[in-house]
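# With the sequence up front, the predicted model follows.
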Amino acid sequence: MLFVVLFPFLILGGKDIFVNVPPPLPSNSVFYEFPTVWEYQGYIGNWLLFFFVGFIGIFIVTNEVTFKTLRQNIITGLTRQEYFMGKLLMIITLAIISTIIYAVSSIIIGLIHTPGADMALIFDNNWSITKFFLMAMGYLSFGLFIGFLIRRSGLATFFYLAYIMFLEPIIKWSIFGVLNWDTLQDVVDSGPEGGVSVYNFVNYLPMNVIEDLHPNPFFRFPDNFLKGNDDINYDILITHEAAIIGSVIYISLFIFLAYKSFMSRDI
């Protein structure tokens, strides 16, 4: 409910806050006009999906374990496959609803703030709608996997938050701390443009891939101060194409692991 209430209007709250936007942004109009509204609305949705929607993937499983309805459903005639497919259909439905809210709110905001917008400009969004659906599925399928794996609401919720906010970033930055820059850079330097640093592979950790479907648009600017220098050859974000392909792989993996966990354990 909070997602439905907050998401369409939260971006409008920045109108009075970001009045004088420093370079490289030209003005706060980029938050609301086509085609950039798709990116900023998607970034806001990234946070809201994490906080308000991903948990549903956990609770649709753990609540039924807590209240014994999972076992009752199996006893009264549902097969395990049918039960699991019901949960999978539920998270797909939630992802579709979230994506519809994203698409409709972005179009309305963009139309209000972009005089003379035509269809070509409106849908010049670099597959943003598809990426948002995959992002929603990423958080929900990860939550579903955690729910079937742990089965206890409190512990599953803690692990969901801890992994995304702390464990994966710790893993990522531990790799930077343990490995030697120069040695690894020499190993992987190849190709027409000098190769790709091995350190870029830390960006392919599961939830980092999901988040990079709709990252902070500022990180896409070529002159942002967070981009790695030439000696390190590290990119803050992965490409749109890599994020889409990687997210499909991880979503499939989460669903597969959730299924295997459910099928191999007692109810």
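Happy to help now that I have it. Numbering: from 1, shown residues only.

# Now do the residue of the chain positioned farthest from its centre against M90, distance only.
What lies farthest from the middle of the chain is T76; by Cα atoms, centre = their mean that is 36.6 Å. Separation of T76 from M90 (Cβ to Cβ, to the nearest Å) stands at 19 Å. Every residue, glycine included, has its C-beta placed from N, CA and C.

# same deal with M263?
18 Å.

# Also I244?
For I244 relative to M90 (Cβ to Cβ), the value is 23 Å.

# so how many other residues sit close to I170?
12 (other Cβ atoms under 10 Å).

# Where does it sit, in terms of helix or strand?
Using DSSP states H and E, I170 sits in helix 168-178.

# Name the next helix or strand following the lowest-mean-pLDDT helix or strand in the chain along the chain.
Using mean pLDDT, DSSP states H and E, helix 181-188 stands out as the lowest-scoring helix or strand of the chain, at a mean of 47. Next in sequence after helix 181-188, counting helices and strands by DSSP H and E, comes helix 206-211.

# Give the other helices and strands that that next one contacts.
helix 128-150, helix 168-178, helix 240-264 (3 or more Cβ pairs under 8 Å, 6 or more residues apart in numbering; DSSP states H and E).

# For the residue farthest from the centre of the chain, grab phi and psi.
Note on T76: backbone dihedrals following degrees, to the nearest 10 are phi -80, psi 10.

# now I236
Dihedral angles (degrees, to the nearest 10) for I236: phi -70, psi -40.

# that older thread, check what pLDDT the residue farthest from the centre of the chain gets.
Listed pLDDT for T76 reads 90.

# biggest helix in this structure, by residue count?
helix 80-113 (DSSP state H).

# How far does it sit from its chain's centre?
13 Å (Cα atoms, centre = their mean, to the nearest Å).

# got it, and stretch 202-217?
7 Å.

# and if you look at stretch 38-47?
10 Å.

# Quick one: mean pLDDT for it?
95.

# what's next to that stretch, contact-wise?
The contact list for stretch 38-47, computed with Cβ atoms under 8 Å, 6 or more residues apart in numbering, reads 7, 10-11, 30-32, 98, 102, 105-106, 109-110, 125-126, 128, 131-132, 135, 211, 213-217, 220.

# CA atoms only: put that stretch into PDB for me.
Listed next in PDB are the C-alpha coordinates belonging to stretch 38-47 (Å, rounded to 0.1, in the frame of the first residue of the first chain):
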ATOM      1  CA  TRP A  38      12.000   7.300 -16.800                       C
ATOM      2  CA  GLU A  39      15.500   7.100 -15.200                       C
ATOM      3  CA  TYR A  40      14.800   9.100 -12.100                       C
ATOM      4  CA  GLN A  41      11.400   7.600 -11.500                       C
ATOM      5  CA  GLY A  42      13.000   4.200 -12.000                       C
ATOM      6  CA  TYR A  43      15.700   5.000  -9.400                       C
ATOM      7  CA  ILE A  44      13.100   6.000  -6.800                       C
ATOM      8  CA  GLY A  45      11.200   2.800  -7.600                       C
ATOM      9  CA  ASN A  46      14.400   0.900  -7.000                       C
ATOM     10  CA  TRP A  47      14.400   2.000  -3.400                       C
END
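
# So for it, what gets flagged as buried?
W38, E39, Y40, Q41, G42, Y43, I44, G45, N46 (16 or more other Cβ atoms under 10 Å).

# In JSON lines: the residues you listed, plus distance to G154.
Below are these laid out as JSON lines (distance: Cβ to Cβ, whole Å):
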{"residue": "W38", "distance to G154": "37"}
{"residue": "E39", "distance to G154": "35"}
{"residue": "Y40", "distance to G154": "34"}
{"residue": "Q41", "distance to G154": "32"}
{"residue": "G42", "distance to G154": "31"}
{"residue": "Y43", "distance to G154": "30"}
{"residue": "I44", "distance to G154": "28"}
{"residue": "G45", "distance to G154": "27"}
{"residue": "N46", "distance to G154": "25"}
